[in-house]
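A.B. asks: below are the sequence and a predicted model for it; my questions follow.
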Amino acid sequence: MARAAHERSEQERETQRCHATGFELSALALSVVGQANAQGSEASGHAAPVDAAQVGVTVAIEGVDRRFRTGFLALTGVDLTIGAGEMVAVVGPSGCGKSTLLKIIAGLLTPTDGVVDFGGDRPETGYVFQDAHLLPWRTAIRNVELFLEVDGVRKQERRDRARSALRLVGLADFEGSYPAELSGGMKMRVSLARTLATDPQLMLFDEPFAALDEITRNRLNYDLIRLQRDRGVTGVFVTHSIGEAAFLADRVAVMSPAPGRIVGIVDVPFGDDRRAALRTSAEFAAVAREVSEIMAAHDVAEAHDVAEGHETVAGRE
Amino acid sequence: MRARLRSIVAGVTPQLIVLAVFLFVWWAAVRILDPKPFVFPSPGRVLDTTVTDFDRLWIGFKNTLYASVVGFLFATAVGVGAALFLSLSRMLERAFFPWAVLLQTVPAVAVAPLYVLWWGPGRQSVMLVAFTITLFPILANSLAGLRSADAALVDLIRLRGRRQNSWFTFTKIRIPSSLPYLFTGLRISAGLAVIGAIVGEIVVGRGGDEAGLGYWVTFGSTQLKTDFVFAAIAVSSALGITFFLLVSAAGNRVLRHWHESARIADT
């Protein structure tokens, strides 16, 4: 009984959140984000980005190969330049080396050949995985503080920055909740806030919302793109979903099956205009079809059913 | 509060019914088959002995409690300490852990006579038997727990310039992550500690002030005081259950924020 009630209240909370930042009230959501930004930088005494577009960093991936110790060639000759503040989605079949590429960009793996050049020092990099990877014994805000703690940020500043990051993802009222008390979508938001709190110049997303239901996922995509564009952060977003890629990215890079290489790049001409209605527009379907056709041309396993039409594309998200 | 009380009552009622049926069948069987009391006493006789020999049982209870708790705490300190040490590197684990597994297969009863040879009969040998039997579950579970830390999270911390085995990762990630596993080990060992102490008392125990429940079991059976043996056994298992429940409660308290699925093995 108690459990059922608990779950119900969780759903209600998620529903409330939906009303606060959902599609219908997007204007309100935007102002919340703006406000939180201002408060955040005041509170933390952090240098506020004068020009948001300058936060991001350019990433030049040049001739990257990666061979694993087993001899398996995961990536070969990957060339991709991502502009400052740009969001690039990388789509491709399972096992094509998408995650390997992200790990190489992050510095968790070294390329066997080739380089990743940031035009200077390694930027502050945020990495968001498919699962939230929170610490169950810490409240939401203490989870968000984790990386700042690693960096040795003082307690008060840590708290302030974590608080404004939680506000950015719409979880201001849940800072004292433990992960077990949050829904899957809320946990992903905490995970996102944990990364945002470090003020990243580059954010890497490894299918971050793949484990969520479609409604939650669309909402998070929507919130994510607002955050990324407001801050001018450079982003690389790995996904299986063509629809998600087209909705989020400025460009969609298509990878071939292993050994992974980039076989095509599709420009997404929507600029900053990423309203929910976009998903059902003809232009959106055209982008999705173009991506599908590249995949089909390179014998990407999933391509066939995706290419059947725009209905299917929308359904796959 | 009332609802909670009602749910507790509802929870234990089936168990109490089984106990009542069991006691009735026992009582009826003794009544009908009428065995000699030293072969199989009636529940009433056992209860009588518990009351008349209460002093002896109380001494036994205290000594067994003491031996099992000390053995348990000692095993916890050594087991957790060894697990922390072995978790420092894969190499250490590979070198030592198989030997720990091998030691586990040595029956504690079989080494008890050696303890008598080295330290003489009595308390410390009893505690050592309890220690020997409880050590491995604690060591193995803590080690598994320390290894269970979220690898992706450790990677993310590594991205921020901390080594994989840094003090930060150790104290803030690995040790807290190990707690559900540690408590699983402690729970298993809590029950084993009492068994170990009683086995120790049977093999290497002394009487008099030091007499534990295991000693009274041996004593009672040599005197053909079977009702007293029954009473001592009942007290022993009550002690084991209590110890187990206390450790479980402590674990639930520490792990109350972990989601149920993250806890390792319940009950």
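C.D. replies: Cool, the structure landed. Numbering: from 1, shown residues only, chains lettered A, B, ... in the order given.

A.B. asks: contacts, neighbours, all on C-alpha from now
C.D. replies: Fine.

A.B. asks: list the contacts for whichever residue of the stretch 1-150 of chain B sits closest to chain A?
C.D. replies: Closest to chain A within the stretch 1-150 of chain B is B:Asp150: 7.2 Å, counting by CA to the nearest CA. By CA atoms under 8 Å, 6 or more residues apart in numbering or on different chains, the contact set of B:Asp150 is A:His133.

A.B. asks: quick one: residues contacting A:Gln201.
C.D. replies: With CA under 8 Å, 6+ apart, A:Gln201 has these contacts: A:Val55, A:Gly56, A:Val57, A:Pro123, A:Glu124, A:Thr125, A:Gly126, A:Val233, A:Thr234.

A.B. asks: for A:Thr125, same thing?
C.D. replies: By CA under 8 Å, 6+ apart, the contact list for A:Thr125 reads A:Ala106, A:Pro200, A:Gln201, A:Leu202, A:Met203, A:Leu204.

A.B. asks: name the nearest of those relative to chain B.
C.D. replies: Closest to chain B, out of all of these and judged by CA to the nearest CA, is A:Ala106, at 7.6 Å.

A.B. asks: what about that closest one, neighbour count?
C.D. replies: 22 (other CA atoms under 10 Å in any protein chain shown).

A.B. asks: now it, nearest residue through space, not along the chain?
C.D. replies: Leaving aside its chain neighbours, A:Ala106 sits nearest to A:Thr125 (6.8 Å; criterion: CA to CA, 6 or more residues apart in numbering or on different chains).

A.B. asks: retrieve the pLDDT associated with that neighbour.
C.D. replies: Per-residue confidence (pLDDT) for A:Thr125: 90.

A.B. asks: any idea how far it is from A:Thr195?
C.D. replies: Going from A:Thr125 to A:Thr195 by CA to CA, to the nearest Å gives 8 Å.

A.B. asks: look up phi and psi at the residue nearest to A:Ala106.
C.D. replies: A:Thr125 adopts backbone torsions of phi -110, psi 130, taken as degrees, to the nearest 10.

A.B. asks: try A:Val268
C.D. replies: Dihedral angles (degrees, to the nearest 10) for A:Val268: phi -110, psi 110.

A.B. asks: and if you look at the one 3 residues further on?
C.D. replies: Backbone torsions of A:Gly271, given as degrees, to the nearest 10, read phi 60, psi -130.

A.B. asks: residues contacting whatever residue of the stretch 51-200 of chain B ends up closest to chain A?
C.D. replies: Closest approach of the stretch 51-200 of chain B to chain A (CA to the nearest CA) occurs at B:Leu153, with a separation of 6.4 Å. Shown in contact with B:Leu153 (CA under 8 Å, 6+ apart): A:His133.

A.B. asks: per-residue pLDDT, it?
C.D. replies: Note on B:Leu153: pLDDT of 91.

A.B. asks: separation between it and A:Leu196?
C.D. replies: Applying CA to CA to B:Leu153 and A:Leu196 gives a distance of 16 Å.

A.B. asks: repeat for B:Asn252
C.D. replies: B:Asn252 sits 33 Å away from A:Leu196, going by CA to CA.

A.B. asks: with B:Val106 instead?
C.D. replies: Distance from B:Val106 to A:Leu196, by CA to CA: 54 Å.

A.B. asks: ok, those two, which is more surrounded?
C.D. replies: When B:Val106 is set against A:Leu196 and neighbours are counted by other CA under 10 Å, the residue ahead is A:Leu196, at 25 against 12.

A.B. asks: so which bits of chain B are right by chain A?
C.D. replies: B:150, B:152-153, B:155-157, B:159-160, B:162, B:168, B:173, B:176, B:255, B:257-259 (CA under 8 Å from any CA of the partner chain).

A.B. asks: show me these that map onto helices.
C.D. replies: Within those, residues falling in helices by DSSP state H are B:Ala152, B:Leu153, B:Asp155, B:Leu156, B:Ile157, B:Leu159, B:Phe168, B:Pro176.

A.B. asks: which residues of the stretch 51-200 of chain B score low on pLDDT?
C.D. replies: Within the stretch 51-200 of chain B, the stretches with pLDDT under 70 are B:164-165.

A.B. asks: if we go to 90?
C.D. replies: For the stretch 51-200 of chain B, the stretches flagged by pLDDT under 90 are B:87-94, B:96-113, B:116-117, B:119-124, B:149, B:151-152, B:154-169.

A.B. asks: kindly report the same for the stretch 101-250 of chain A.
C.D. replies: In the stretch 101-250 of chain A, residues with pLDDT under 90: A:107-110, A:114-115, A:117, A:119-124, A:130-131, A:152, A:168-170, A:184-185, A:207-232, A:240-248.

A.B. asks: who in it is up against chain B?
C.D. replies: A:106-108, A:127, A:133, A:135-137, A:147, A:150-151, A:178-180.

A.B. asks: just send the residues you listed back as CSV, with secondary structure too.
C.D. replies: Output for those, formatted as CSV (DSSP: H, G, I helix; E, B strand; the rest coil):
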residue, secondary structure
A:Ala106, helix
A:Gly107, coil
A:Leu108, coil
A:Tyr127, strand
A:His133, coil
A:Leu135, coil
A:Pro136, coil
A:Trp137, coil
A:Phe147, helix
A:Val150, helix
A:Asp151, coil
A:Tyr178, coil
A:Pro179, helix
A:Ala180, helix
